[in-house]
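Enquirer: requesting a structural model of the entry that follows:
(chains A and B)
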Protein chains: 2
Amino acid sequence: MIQTIILKKRPVGKPTLSDFEFVNEDKDLNIQKGEILLEATYISVDPYLRGRMNDAKSYVPPFELGKPITSGVVAKVMASKNDKFKEGDYVSGMMDWKTQQVSKGEGLLNINKDLAPLSAYLGILGMTGLTAYLGLNEIGKPKAGETLLISGAAGAVGSVVGQIGKILGLYVVGIAGTDEKVAMLTSEFGFDHAINYNTTDDMRAAIRTACPDGVDVYFDNVGGPISDAVLYNINKYARMIICGAISVYNNTEMPKSISVQPFLIKNSALMQGFIVSNYAEKFPEAMKNLSTWLAEGKLNYTETVVNGFENTPQAFLDLFEGKNKGKMIVKV
Amino acid sequence: MIQTIILKKRPVGKPTLSDFEFVNEDKDLNIQKGEILLEATYISVDPYLRGRMNDAKSYVPPFELGKPITSGVVAKVMASKNDKFKEGDYVSGMMDWKTQQVSKGEGLLNINKDLAPLSAYLGILGMTGLTAYLGLNEIGKPKAGETLLISGAAGAVGSVVGQIGKILGLYVVGIAGTDEKVAMLTSEFGFDHAINYNTTDDMRAAIRTACPDGVDVYFDNVGGPISDAVLYNINKYARMIICGAISVYNNTEMPKSISVQPFLIKNSALMQGFIVSNYAEKFPEAMKNLSTWLAEGKLNYTETVVNGFENTPQAFLDLFEGKNKGKMIVKV
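Expert: Numbering: from 1, shown residues only, chains lettered A, B, ... in the order given. As a prediction, this is how the structure comes out:
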């Protein structure tokens, strides 16, 4: 039996399980010349998918109602009539949320299960690691000795950003939402300091204390009031990488914040939206460094693995409750 | 008699005449070796001076209470004991708001009164022109055929930005606050289109109509609701030059706007604060192009000249009422 998860209706505000529907088909898939048969092994659930559930112009087209959700997936090649892939290979790439599917192999990468666990290819050696590496370097342009502040620091991208920051010689401070996450940032990921925004009344003052030399690079995964507090602490020529805005993804009205423009002028500072797919020509360089650092034991990563294809929608919803530590992945 | 305008108290919100004080001294100024005696000819009044009247960290130190205001001034050399300047020369640079003053000549430039009217050195061949040229080129990185939108377009900087945009082959749209200014933008400065924000209910829709291909470069002199409306109309990879925020300079509380972060992410867009003094190494290139275009008749400029040193504070206040067209200058 082949199971598929489709978008049943477009969420209004926070998504719910009723926005998704499971479709079961009792059939065998056949492949034609050039095609491969894939069985999903791991599925990535990511906050950015929420944006694709709206019917709005964005950097990727919206999901269609009644069609499968797609995201990063690691799959096993069960049968192949394509010279680039052979039975038993593992591949990663954008695929449908289906237990089995047929593909022509376009956009899929062969991955090496001996170099790293398969799930790593959805995280530190996948879009997550590339986002962290390229966002930090291409927009942040960090220099050793500078201060790097990261919001959503215990998330999949944030925890990698901080570790790369330490490798590059930066002073690294993270913001997260539980004491457990805050402890993990300093103990497991080598951050110099971390702040729990849920137990801090005055974030503006807390950031000032944690970043005594001010903030040179801000890697922003959340937006909203946390990012407002950061603005008061930026240095001249600060660079702010706007990578995510999870605090506002579920808002139905356009949220208000303090005006950023006066802060940008006063500090000759830069804010830039970052989408990893714009930097494809830099992927080889980034993968080379990430896999070297991983092999050298310089990069830790944390996954939250949820078991069972049927739990994929709930795993996605849990992202907005901060239930994940590091990359959220479903093991099919 | 030497007259001086000092900052008597720090404005709260909108400045008033009572924030300034005139001090008269009945004495003769003597110069020592290396010094020059200067008589002010033209004084520049600029919105950014408002920021320096606050006691707050910014890119230039605040004015001191009881001390003279300083801004761009063109002055005549009345006497010189400095080899670089001779009696009868004209100079421009940052000087006190005084009818006469002694200087060592540091930071002053000899200017050529035959190349352009003296007041032009406070405008199109001064910081105004440099700001327009370098902000547009260094942050905006415009490409021929793109759409350039300018807020505060009838102001000193904005009107030059638009003309440079036309020289560089852009489609140029301006936003201003009166029908007279809007007419001037298209008739005198060659803008393709202009919008009167005071008579437009739906700026978001008006910008969409005026910029059918979307906004690639936004030169922002105002901030506030106008800039919020622009965000809905930016293209992928848009560049937003944050040059001024006159709409908020007089606010006593930090103003709120819509959150920019989701727009920056969705469009991989950039916002960067621009301060002309950070780009000093590019001044010669900019001056060369500006003076060439001026000589070729490709650049028009408008001045609002107020007569009388005693009217300098009022001229400054009038900036916030939009009473100037182009560069606001006081003729001493």
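
Enquirer: contacts, neighbours, all on C-alpha from now
Expert: OK.

Enquirer: what sits against the residue lying closest to residue A:193 once chain neighbours are set aside?
Expert: Spatial nearest neighbour of residue A:193, chain neighbours left out: residue A:173 (4.8 Å); criterion: Cα to Cα, 6 or more residues apart in numbering or on different chains. Residue A:173 sits next to A:147-150, A:162, A:191-195, A:210-211 when contact means Cα atoms under 8 Å, 6 or more residues apart in numbering or on different chains.

Enquirer: out of the residues you listed, who's nearest chain B?
Expert: Relative to chain B, the closest of those is residue A:150; by Cα to the nearest Cα it sits at 15.1 Å.

Enquirer: contacting residues around the host helix or strand of the closest one?
Expert: Per DSSP states H and E, residue A:150 falls inside strand A:147-151. With contact meaning Cα under 8 Å, 6+ apart, strand A:147-151 is reached by A:158, A:161-162, A:165, A:170-176, A:211, A:213-222, A:226-227.

Enquirer: can you name the next helix or strand after it?
Expert: helix A:156-167.

Enquirer: for the stretch 201-332 of chain A, what lies in contact range of chain B?
Expert: Within reach of chain B by Cα under 8 Å from any Cα of the partner chain, the stretch 201-332 of chain A has these residues: A:223-224, A:242-245, A:248, A:254-275.

Enquirer: out of the residues you listed, list just those in helices.
Expert: Counting by DSSP state H, those place A:224, A:261-267 in helices.

Enquirer: give the pairing partners of the worst-scoring helix or strand of chain A on mean pLDDT; include direction for each.
Expert: Lowest on mean pLDDT, DSSP states H and E among the helices and strands of chain A sits strand A:256-258, with a mean of 84. Strand A:256-258 has its sheet partners listed here by DSSP bridges as strand B:256-258 (antiparallel).

Enquirer: now the partner strand: how far from the chain's centre is it?
Expert: Averaging C-alpha positions (Cα atoms, centre = their mean, to the nearest Å) puts strand B:256-258 25 Å from its chain's average.

Enquirer: same thing with stretch A:126-134?
Expert: 8 Å.

Enquirer: swap in stretch A:174-188?
Expert: So, by Cα atoms, centre = their mean, the centroid of stretch A:174-188 is 18 Å from its chain's centroid.

Enquirer: quick one: average pLDDT of that stretch?
Expert: For stretch A:174-188, the mean pLDDT works out to 95.

Enquirer: alpha carbons only: can I get that stretch in PDB?
Expert: Extracted C-alpha coordinates of stretch A:174-188, given in PDB (Å, rounded to 0.1, in the frame of the first residue of the first chain):
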ATOM      1  CA  GLY A 174      22.500  32.200  21.100                       C
ATOM      2  CA  ILE A 175      18.900  32.900  22.000                       C
ATOM      3  CA  ALA A 176      16.500  30.000  22.600                       C
ATOM      4  CA  GLY A 177      13.300  29.300  24.500                       C
ATOM      5  CA  THR A 178      14.000  26.700  27.300                       C
ATOM      6  CA  ASP A 179      16.600  26.300  29.900                       C
ATOM      7  CA  GLU A 180      17.400  22.900  28.500                       C
ATOM      8  CA  LYS A 181      18.100  24.300  25.000                       C
ATOM      9  CA  VAL A 182      20.200  27.100  26.500                       C
ATOM     10  CA  ALA A 183      22.300  24.600  28.400                       C
ATOM     11  CA  MET A 184      22.700  22.500  25.300                       C
ATOM     12  CA  LEU A 185      24.000  25.500  23.300                       C
ATOM     13  CA  THR A 186      26.900  26.100  25.600                       C
ATOM     14  CA  SER A 187      27.600  22.500  26.600                       C
ATOM     15  CA  GLU A 188      27.100  20.600  23.300                       C
END
